[in-house]
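K.L.:
Sequence first, predicted coordinates after that:
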Amino acid sequence: MAVTSRQREGFTMPELEYVAQCESVTIVPLHRMDRLELVRGTVGPFRPPQKTNVPLWLAVMLKRTNRCRIVAPTWLSFEHLRDLCKREEQPDSLFTRLPFHYLEIAHIILTHAEDDLVDSQGIRRLLQDLREVRQSKTRGGMEMLNPLQLQMDNLSAAEINEIRPLFRHSFDMLRQLDLLASATEDSRQQQQQSQFGELSYSEMDDVIGSSYPL
Amino acid sequence: MAKRSYYDIDDILAGQERVPCFLRTDLDGLGSAGSGGGSSKVHRNTRWTLPYWMADRLNEEDYLDMEVSPIFAKRANRMYAASPESMQLRAICQHYYQFGLQLGEMVPEIPHVLYNMYMTRIRKVARIAQQGHNVEALDFVQSLDKMEARMLRLCQQAQGAIIAWQQNRAYALKRAAVIHD
């Protein structure tokens, strides 16, 4: 199968959305239904108005045929998102905790189950703000690039996918520069050592000790 | 010889940059290969510019002495270190970074110079990608070399992909033609 240039750099958004649909959400079924035995597990019998946990893809399917109502996840409420935004905007803070697929889940629920959310317009606005603040923080992460390691906790799948091409390339470049720097350093030390053949051992130690950059 | 990928086209193009050399032997019949062609015999002890890939091999065989390209000379390096963001890399050398990596074994300051240049410029590239073009960014974008331009394009595509998907433009599900009601 031919791989497009977009797919080579990471995932595409529809792929991430597809993977995000494995997460489970709580629904309130509207019709009675018996147990469903699926490959990943059993989805229990539906006895309205009892709440059940189902995978997101199933919830969307039921919602589109008007057989259920989706209960918004706890993090997808206006108050919670507003608190997260405030915490995120504080200077020098790390990324706040959010579900790994929060962007995709939020998008799916906003598209298919908007009536099950309270104040969906406000939620959309808050999500946009949150994303902008986090983006500016990833740019701050670029300042701390080094060839060895960079740790940024609590980034979500879509955000990682977004920065993947740039960071991957930067890491490669820095690593190559590092290798080059240490290669020239080694060859230069070898040259120095061969030149000081007549020095005594203590003098040689002094010279070599002073040429280390650390 | 630098250990770079053999099939990478950008690498090949980067190695095409000319470097000044100092010939040690006479070369018959090759006068038209260098600059200032005309006569077909090139005497020893003349200066000539050759592509890097050729000059490097001949340097190892001692047919000539290769010198550092003016792009990475000491004075140029100091100038670049002063203001990396305003350098017109596209005018200086379209494959600046890759050429620098290839020359890196010869000139020990190159990793440092490239590092400074890369870090400052790539930060600006990331900012432009995320905030969109504006008038003052246009000059900077026109001065990027090929690798940075590719990075800018990739970042913009990644940005646009998320936005398009959020506006439901990423894909459309249609009923297959084989399904009849």
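P.N.:
Okay, I see it.

K.L.:
who's in contact with the nearest residue in space to residue B:110 that is not next to it in sequence?
P.N.:
With sequence-adjacent residues excluded and distances taken as Cβ to Cβ, 6 or more residues apart in numbering or on different chains, residue B:110 is closest to residue B:104, at 4.5 Å. Bear in mind the C-beta positions are built from the backbone N, C-alpha and C, glycine included. Counting by Cβ atoms under 8 Å, 6 or more residues apart in numbering or on different chains, residue B:104 touches A:177, A:180, A:184, B:2, B:110, B:111, B:114.

K.L.:
Give me the subset of those lying in helices.
P.N.:
A:177, A:180, A:184, B:110, B:111, B:114 (DSSP state H).

K.L.:
Need these in JSON lines (columns: neighbour count).
P.N.:
Rendered in JSON lines, the data for those read as follows (neighbours: other Cβ atoms under 10 Å in any protein chain shown):
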{"residue": "A:177", "neighbour count": "22"}
{"residue": "A:180", "neighbour count": "21"}
{"residue": "A:184", "neighbour count": "18"}
{"residue": "B:110", "neighbour count": "23"}
{"residue": "B:111", "neighbour count": "23"}
{"residue": "B:114", "neighbour count": "26"}
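
K.L.:
Tell me which two of these sit farthest apart.
P.N.:
Every pair in the ones in helices among the contacts of residue B:104 was compared (Cβ to Cβ); the two farthest apart turn out to be A:184 and B:114, at 12.6 Å.

K.L.:
Looking at the ones in helices among the contacts of residue B:104, which is nearest residue B:88?
P.N.:
Compare each of the ones in helices among the contacts of residue B:104 with residue B:88 using Cβ to Cβ and the shortest gap goes to residue B:114, at 16.6 Å.

K.L.:
what about stretch A:13-33, start to end distance?
P.N.:
The distance separating the two terminal residues of stretch A:13-33, taken as Cα to Cα, to the nearest Å, comes to 33 Å.

K.L.:
And it, what's buried?
P.N.:
Judged by neighbour count (16 or more other Cβ atoms under 10 Å in any protein chain shown), stretch A:13-33 contains these buried residues: A:13, A:16, A:17, A:20, A:21, A:23, A:25, A:27, A:29, A:30, A:33.

K.L.:
go on, stretch B:149-166?
P.N.:
Along stretch B:149-166, the positions that meet the burial threshold by neighbour count (16+ other Cβ under 10 Å) are B:149, B:151, B:152, B:154, B:155, B:156, B:158, B:159, B:161, B:162, B:165, B:166.

K.L.:
At the contact with chain B, which residues of chain A appear?
P.N.:
Of all the residues in chain A, those in contact range of chain B (Cβ under 8 Å from any Cβ of the partner chain) are A:6, A:9-10, A:12-14, A:17, A:103, A:107, A:111, A:135, A:139, A:142-143, A:145, A:158, A:161-166, A:169-170, A:173-174, A:176-178, A:180-181, A:183-185, A:188.

K.L.:
filter those to the buried ones?
P.N.:
For those, burial is judged from neighbour counts taken by 16+ other Cβ under 10 Å, and it is met by A:9-10, A:12-13, A:17, A:103, A:107, A:135, A:139, A:142, A:145, A:158, A:161-163, A:165-166, A:169-170, A:173-174, A:176-177, A:180-181, A:183-184.

K.L.:
Chain A contacts on chain B?
P.N.:
Looking at chain A, the residues of chain B close enough under Cβ under 8 Å from any Cβ are B:97, B:101, B:104-105, B:108, B:110-112, B:114-115, B:118-119, B:122-123, B:126-127, B:130, B:151, B:154-155, B:157-159, B:161-162, B:164-166, B:168, B:170-171.
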